[in-house]
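Chemist: Pasting a predicted model and its sequence here:
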Amino acid sequence: MEKLCDDLQQMIQLRRERLLLELKVLERVVTEGQQLETLWHKMKFVVLEGDPSGYFRIRTLLNNHRAGVISFAIAKQNVFGIYFDAMRSELLPSNMVNLLTHIWGYLKKHVGEADRDVPIAMLARLSDGDMSVVKPLYDLFSELHVKIGKDNLLDPTLQNVV
């Protein structure tokens, strides 16, 4: 499998550095389950990008907290640990197919027919191992988020969590 282009790696690295700083602040001020859930909704695709298994571990932790199986303190400690690990993980091309397919699954519910052909064709190329479409897909999906008036799931802002 091809490597990811340098521009994309740099863009993701800068975003990860910003998110790490924001997460360190939030780790100190998140004090309730709803805040942890709100943060998860903003971070889940960034976690999927860096640590797909962490994505499922966080879901399990939050479900266990909701069910009263684990305390908030344990859930919070583990969730933030996974966030930090995902932000520091190696960026693997193999994670991109899964990530971008998930993002498209969300976006396609909100875009019109005219905005479907290009991403579908690019995702087909990605599924065939063509990593050259990853950066254009990131850019296209960013544009589509703006067009439909939704927060960019690939570049979340962590404001208003607390």
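Modeler: Received, thanks.

Chemist: rest of the way, CA atoms for contacts and neighbours
Modeler: Will do.

Chemist: In terms of secondary structure, what does the element among helices and strands of the chain having the smallest mean pLDDT contact?
Modeler: Among the helices and strands of the chain, helix 93-107 carries the lowest confidence by mean pLDDT, DSSP states H and E, at a mean of 92. Packed against helix 93-107 by the contact rule (3 or more Cα pairs under 8 Å, 6 or more residues apart in numbering; DSSP states H and E) you find helix 33-50, helix 117-127, helix 134-148.

Chemist: can you state the direction angle for it and helix 33-50?
Modeler: Helix 93-107 runs at 130 degrees relative to helix 33-50, counting by axes from the mean of the first three to the mean of the last three Cα atoms, to 10 degrees.

Chemist: Could you say which of the helices and strands packed on helix 93-107 is packed most deeply?
Modeler: A comparison of these by mean neighbour count, using mean count of other Cα atoms under 10 Å, puts helix 33-50 on top with a mean of 19.

Chemist: re earlier: how far off helix 117-127 does the least confident helix or strand of the chain point, in degrees?
Modeler: 150 degrees.

Chemist: any idea how this structure splits into domains?
Modeler: Split into domains by automatic domain parsing, the chain comes to 6-88, 93-148.

Chemist: Quick one, which of these gets closest to Leu154.
Modeler: Leu154 lies closest to domain 6-88 among the domains of the chain, at 6.2 Å (Cα to Cα).

Chemist: okay, and for this structure, where does confidence drop off?
Modeler: Residue ranges of the chain with pLDDT under 70: 1-2.

Chemist: now what about the lengthiest helix in the chain, what contacts it?
Modeler: When the chain is parsed with DSSP state H, its longest helix is helix 6-29. In this structure, residues lying in contact with helix 6-29 by Cα atoms under 8 Å, 6 or more residues apart in numbering are Phe80, Tyr83, Phe84, Met87, Arg88, Leu91, Lys135, Asp155, Leu158, Val162.
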